[in-house]
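# Here you go, sequence then predicted model.
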Amino acid sequence: MFGLELRDLTKAYGEHLAADHVSLSIPHGEFVCFLGPSGCGKTTVLRMIAGLETPTSGAILLNGKAITEQPANSRQFGMVFQSLALFPHLNVGENIAFALRLRGVDPRRRKERVAELLELVRLPGLQTRAISQLSGGQRQRVAIARALAQEPPVFLLDEPFSALDAKLREEMQNELRALQQRLKITTILVTHDQREAMTMADTIVVMGEGQIQQHGPPVSIYKHPANRFVA
């Protein structure tokens, strides 16, 4: 049984199909990159997986159970947005513990979990630091820690490195990949950066015009493109 399945997932805005019968099976613990140009439908698919967009038709299954109608908060997926969406009025520890507090997790356990995650993302001891006092890379790590706080079954990232300079972007890519392999968490990354997809993913899903043009291991797609668009 696959961890996450998309079955004929379609999203229409009037006459325009942003996602056109997208079907994909993602095994547990796999790192998948949705790759394609702006407007190809990759972010729309990610938002439907997250529960932030309602599919026009089709189904989303997690461990064989349909979650298509579940609201985003009950899916408990971790998500890092392009803007990071950190709360500026909360410090680092409060940002990371936000979802845990909403779920009524005991304050002592919240504190322990925050400390664990800060160690994991190499920011130990920064619980009380203001978000405004962090560098771009540190904010990125805090956003990742916050998304991982509730131990999500699926981790979703929407072009999270686009605002970083080249050197920091490469460093964060390596850190995220190492973290994902250590945690063995099913991860989907949306990107338009071919190099990012080739170096990070177990599987690349090339999207164009709302459809999956090809998917498979990076080397396979590079050596055997299915069509001119992929090539």
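Now that the structure is in, tell me what you want to look at.
# which of the residues in stretch 134-150 are buried?
134, 137-150 (16 or more other Cβ atoms under 10 Å). Just so you know, the C-beta spots here come from the backbone N, C-alpha and C atoms, and that holds for glycine as well.
# Kindly export that stretch (C-alpha atoms) in CSV.
What follows is stretch 134-150, C-alpha atoms only, in CSV (Å, rounded to 0.1, in the frame of the first residue of the first chain):
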residue,chain,number,x,y,z
LEU,A,134,17.1,35.8,12.8
SER,A,135,18.9,35.5,9.5
GLY,A,136,17.2,34.1,6.4
GLY,A,137,18.6,30.6,6.9
GLN,A,138,17.7,30.6,10.5
ARG,A,139,14.1,31.6,9.7
GLN,A,140,14.0,28.8,7.2
ARG,A,141,15.1,26.3,9.9
VAL,A,142,12.4,27.6,12.3
ALA,A,143,9.7,27.2,9.6
ILE,A,144,10.9,23.6,9.1
ALA,A,145,10.9,22.9,12.8
ARG,A,146,7.4,24.3,13.2
ALA,A,147,6.1,22.1,10.4
LEU,A,148,7.7,19.0,12.0
ALA,A,149,6.5,19.8,15.5
GLN,A,150,3.4,17.6,15.3
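# Give me the contact list for it.
76, 78-81, 84-86, 92, 95-100, 103, 113-114, 117-118, 120-123, 126, 131, 155, 160-161, 163-165, 168, 171-172, 175-176, 179, 183, 185 (Cβ atoms under 8 Å, 6 or more residues apart in numbering).
# Pick out whichever of the buried residues of stretch 134-150 sits closest to Val219.
Closest to Val219 out of the buried residues of stretch 134-150 is Ile144 (27.1 Å), distances taken as Cβ to Cβ.
# roughly how far out does stretch 14-27 sit from the chain middle?
Between the centre of stretch 14-27 and the centre of its chain there are 17 Å (Cα atoms, centre = their mean, to the nearest Å).
# Name the nearest residue to the spatially most central residue of the chain, sequence neighbours excluded.
In the chain, the centroid-proximal residue (Cα atoms, centre = their mean) is Leu156; its distance is 1.6 Å. Leaving aside its sequence neighbours, Leu156 sits nearest to Met79 (Cβ to Cβ, 6 or more residues apart in numbering; 4.5 Å).
# what about the one you found, distance to Val154?
9 Å (Cβ to Cβ, to the nearest Å).
# what do you get for Gly39?
From Gly39 to Val154 the distance is 24 Å (Cβ to Cβ).
# Between these two, which has more neighbouring residues?
Val154 (21 against 14; other Cβ atoms under 10 Å).
# Would you map out the domains in the protein?
Per automatic domain parsing, the domain ranges recorded for the chain read 1-77+152-231, 89-150.
# Any chance of these in JSON lines with mean pLDDT as columns?
Listed next are the domains of the chain as JSON lines, based on pLDDT from 0 to 100:
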{"stretch": "domain 1-77+152-231", "mean pLDDT": "93"}
{"stretch": "domain 89-150", "mean pLDDT": "92"}
